[in-house]
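Enquirer: no sequence for this one, just the structure:
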């Protein structure tokens, strides 16, 4: 799974460099021994590269949602979206479909286990 995510990450960076930069921007944290003022400078510079000033509120919210996703399979599906599809509405659609499929698969597995008993 780690290798698959790494391959998707590499492909994503190639296809969508600005979106990739924005996702990395959204993950930024001050490093342990880093001065806070240095962190501010680093974030400002990275923000310029990522063109954060021109993000719409929806694009910013979508960035936060993708960065907050902890389900690796769902994250893979979200990162497979095209750059124009990075909106809260599209992320919601993909997540609902994914969660419905997961629920269906779990239900089917449960029925198979019960029928084997």
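Expert: Noted; the coordinates are in hand. Just so you know, these numbers come straight off a predicted model, no measurement behind them.
Enquirer: isn't residue 95 right next to residue 73, touching?
Expert: No. The criterion here is CB atoms under 8 Å, and residue 95 misses it with residue 73 at 11.1 Å. C-beta here means a position set from N, CA and C on the backbone, and glycine is covered the same way.
Enquirer: The nearest residue to residue 55 once chain neighbours are set aside - how many residues pack around it?
Expert: In this structure, residue 55 finds its nearest non-sequential neighbour in residue 22, 6.7 Å apart by CB to CB, 6 or more residues apart in numbering. Residue neighbour count, defined by other CB atoms under 10 Å, stands at 25 for residue 22.
Enquirer: Now do residue 22, the pLDDT please.
Expert: With respect to pLDDT, residue 22 scores 89.
Enquirer: tell me which element the residue most central in space within the chain is part of?
Expert: Residue closest to the average C-alpha location in the chain (CA atoms, centre = their mean): residue 66, at 2.9 Å. Using DSSP states H and E, the secondary-structure element containing residue 66 is helix 57-68.
Enquirer: got a list of contacts for that helix?
Expert: Here helix 57-68 makes contact (CB atoms under 8 Å, 6 or more residues apart in numbering) with 22-23, 25-27, 52, 55, 75, 78-79, 86-91.
Enquirer: Mind doing that once more with 10 Å?
Expert: By CB atoms under 10 Å, 6 or more residues apart in numbering, the surrounding residues in contact with helix 57-68 are 19, 22-27, 50, 52, 55-56, 74-75, 78-79, 81, 83, 85-92, 95.
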